[in-house]
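A.B. asks: fold the following for me, if possible:
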Amino acid sequence: MLDDIFSVLLVSSSKNFANGIISALSLNNYEVTLSDTILKAKRILVEKDFDIIIVNSPVIDDFGMDFAIDEAIRDISGVLMFVKPELESEVYYKTYQYGILTLTKPTSEGILLQTLRLLCVTRMKRESMREKTKDMKERLEEIRIVNTAKMLLIEHKHISEDEAHKYIEKRAMNLRKSKVKIASEIIEDYIK
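C.D. replies: Predicted structure coming up:
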């Protein structure tokens, strides 16, 4: 993880704020792309996904909260919003359920880096869970296909479930194919 470079889309109309963030992140494994408007940020996101999106609110063309919520819902990037201290509670209560972190400005470099590390760890954990879910869905689909083939064999060959299971396994072994591939072929044979 020490060698990982995390991509950051920084949406800020303030050049001073942007320069401060870029300066803090450039030495800490973050690659920053800057956008000075929400519209430009949306265009950038059509072309590329980012690990983290930072919104310095307000932005010239929008407050930025709806944009942050939309990006959090897409669930690709970790989202951090910087807001004025007097707005922090209001923004927090409107955005926390989407997983958006809020910080008041100005903030220290230490707090910024800790918050970004938290976003990175959370994002990596979500990605791991997404992969596990994908693997589980694929496995369940494979089971469904094999079970469908077994049911067709039971119905058409008048054999038991155990015999259908052994038939698929033996055929897969003999033909050096996966059970799912054999099951798919059986389904194709019987359902035309």
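A.B. asks: which other helices and strands contact the helix or strand containing residue 130?
C.D. replies: Assigned by DSSP states H and E, residue 130 falls within helix 109-157. In terms of contacts (3 or more C-beta pairs under 8 Å, 6 or more residues apart in numbering; DSSP states H and E), helix 109-157 is packed against strand 6-11, helix 15-26, strand 52-56, strand 78-83, strand 101-104, helix 161-175, helix 179-190. Every residue, glycine included, has its C-beta placed from N, CA and C.
A.B. asks: relative to residue 121, which of these is closest?
C.D. replies: strand 78-83 (9.2 Å; C-beta to C-beta).
A.B. asks: how big is the angle separating that closest one from strand 6-11?
C.D. replies: If you take axes from the mean of the first three to the mean of the last three C-alpha atoms, to 10 degrees, strand 78-83 sits at 40 degrees to strand 6-11.
A.B. asks: mind listing the strands strand 78-83 pairs with, and their directions?
C.D. replies: Strand pairing for strand 78-83, using DSSP bridges, gives strand 52-56 (parallel), strand 101-104 (parallel).
A.B. asks: and those, which is most packed in?
C.D. replies: strand 52-56 (a mean of 26; mean count of other C-beta atoms under 10 Å).
A.B. asks: now tell me what touches the helix or strand following that one from outside.
C.D. replies: Toward the C-terminus, strand 52-56 is succeeded by helix 65-74 as the next helix or strand (DSSP H and E). By C-beta atoms under 8 Å, 6 or more residues apart in numbering, the residues outside helix 65-74 that reach it are 11, 38, 41-42, 45, 53, 55, 57, 59, 77, 79, 81, 91, 94-95, 98-100.
A.B. asks: would CSV of the strands paired with strand 78-83 with mean pLDDT and distance to residue 122 be doable?
C.D. replies: Formatted as CSV, those follow (pLDDT from 0 to 100; distance: least, C-beta to C-beta, whole Å):
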stretch, mean pLDDT, distance to residue 122
strand 52-56, 95, 10
strand 101-104, 93, 9
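A.B. asks: reformat these as JSON lines; add distance to residue 140.
C.D. replies: Listed next are these as JSON lines, based on distance: least, C-beta to C-beta, whole Å:
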{"stretch": "strand 52-56", "distance to residue 140": "32"}
{"stretch": "strand 101-104", "distance to residue 140": "34"}
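A.B. asks: between these, which gets nearest to residue 173?
C.D. replies: Comparing those by C-beta to C-beta, strand 52-56 comes nearest, at 48.4 Å.
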